[in-house]
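Participant: Turn this into a model:
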Amino acid sequence: MIKYIFGLLIIALVSCQNSEKNLSSEEIIDKAIEYSGKSKLNENILKFTFRAYDYKATPTCDGFKFERLSKTKPIRDVLVNDELTRYYNDSIVKLADTTAFNYYESVNSVHYFTQLPVRLKDEAVNLSNLGKEKIEDKTYHKLEVKFSENGGGVDFEDIYIYWFDVEDFSMDYLAYSFIVNEGGLRFRKAINRRTIDGVVFQDYENYKPRVKSKKLEDIGKMFENDQLELLSLIENEDIELSPVKLNCN
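Facilitator: Take a look at the predicted model:
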């Protein structure tokens with residue numbers, strides 16, 4: 001009987017390990033979203049402050065309305081369906097295409113990072129599992145994200161990598177390559193993690209390579225080997241959630 005019970009325990013342990021090894025990229029993302037509680041953003045208005053602006057993300061039946069409000073001027077940027085409109089008081093400001101594009105990128109980027117990892121369920125996201133990697137003595141699922149041109153936004157050629165803890169599926173690190181402004185790489189380490197109304201929020205240390213590099217896949221090792229330098233802190237303050245009811249029938 002003891003041998004039988006011991007055998008069952010071994011089988012259960014091996015089965016659990018195999019299940020862990022065989023997680024698909026989609027399953028990893030689902031577990032990360034469950035850990036983060038970010039699905040609640042689909043039914044709550046999110047407000048927060050980042051540097052000189054107040055931000056607001058409002059769920060609608062057609063996605064999200066993203067807003068950025070200046071703290072010093074009566075200026076409000078509204079982003080709906082990839083189209084940005086700037087208001088001065090309540091009047092629409094006519095913008096040159098280049099200026100509108102820059103504002104779009106700025107507003108969308110701040111909101112995008114705040115909503116992670118739930119945005120990794122977007123239709124334009126293409127996931128690749130890069131296996132596991134150890135950073136700062138912890139093991140992570142390492143996923144690469146590329147975007148389809150259709151629905152991937154103006155920066156669809158950017159490539160991202162995310163590291164999810166194999167134990168709790170927290171998103172502890174992320175990195176990305178970009179091509180605008182001569183291109184480059186960035187690496188972010190999560191800090192100041194806190195839970196607000198059941199939703200996990202975190203700030204980031206933002207790093208760049210000390211020597212210009214195009215090897216995004218190696219940036220985790222570069223961080224481990226002290227080959228990155230701290231560029232800035234990404235800190236969101238005054239985070240507030242308020243429930244909203246949608247009638248999309």
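Participant: Determine how far stretch 75-89 lies from the middle of the whole chain.
Facilitator: Offset of stretch 75-89 from its chain centre (CA atoms, centre = their mean, to the nearest Å): 22 Å.
Participant: first vs last residue of that stretch, how far apart are they?
Facilitator: Stretch 75-89 stretches 6 Å from its first residue to its last (CA to CA, to the nearest Å).
Participant: for the lengthiest strand in the chain, which positions count as buried?
Facilitator: Here the longest strand in the chain is taken by residue count, with DSSP state E as the criterion, and it is strand 184-196. Under the neighbour-count criterion of 16 or more other CB atoms under 10 Å, strand 184-196 has 185-190 buried. From N, CA and C alone the C-beta is placed, and that goes for glycine too.
Participant: residues contacting the nearest residue to residue 234 once chain neighbours are set aside?
Facilitator: The shortest distance from residue 234 to any residue other than its chain neighbours is 4.1 Å, reached at residue 204 (CB to CB, 6 or more residues apart in numbering). Residues touching residue 204, when contacts are defined by CB atoms under 8 Å, 6 or more residues apart in numbering, comprise 113, 174, 188-191, 233-234.
Participant: about what we covered before: which one among the buried residues of strand 184-196 gets closest to residue 245?
Facilitator: residue 190 (31.6 Å; CB to CB).
Participant: isn't that closest one right up against residue 164?
Facilitator: No: with contacts counted by CB atoms under 8 Å, residue 190 stays clear of residue 164, the gap being 11.1 Å.
Participant: List the residues that are in contact with both of those two.
Facilitator: 170-172.
Participant: Can you say which of these are buried?
Facilitator: In the shared contacts of residue 190 and residue 164, burial by neighbour count holds for 170-172, counting by 16+ other CB under 10 Å.
Participant: which stretches of the protein form strands?
Facilitator: Under the criterion DSSP E, the chain contains strands at 44-50, 53-60, 63-70, 75-80, 83-88, 91-93, 125-135, 138-147, 159-165, 171-178, 184-196, 199-209, 228-234, 237-243.
Participant: okay if I get these as JSON lines plus distance to residue 38?
Facilitator: Putting these into JSON lines (distance: least, CB to CB, whole Å) gives the following:
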{"stretch": "strand 44-50", "distance to residue 38": "10"}
{"stretch": "strand 53-60", "distance to residue 38": "11"}
{"stretch": "strand 63-70", "distance to residue 38": "12"}
{"stretch": "strand 75-80", "distance to residue 38": "19"}
{"stretch": "strand 83-88", "distance to residue 38": "24"}
{"stretch": "strand 91-93", "distance to residue 38": "32"}
{"stretch": "strand 125-135", "distance to residue 38": "15"}
{"stretch": "strand 138-147", "distance to residue 38": "16"}
{"stretch": "strand 159-165", "distance to residue 38": "13"}
{"stretch": "strand 171-178", "distance to residue 38": "10"}
{"stretch": "strand 184-196", "distance to residue 38": "11"}
{"stretch": "strand 199-209", "distance to residue 38": "6"}
{"stretch": "strand 228-234", "distance to residue 38": "17"}
{"stretch": "strand 237-243", "distance to residue 38": "11"}
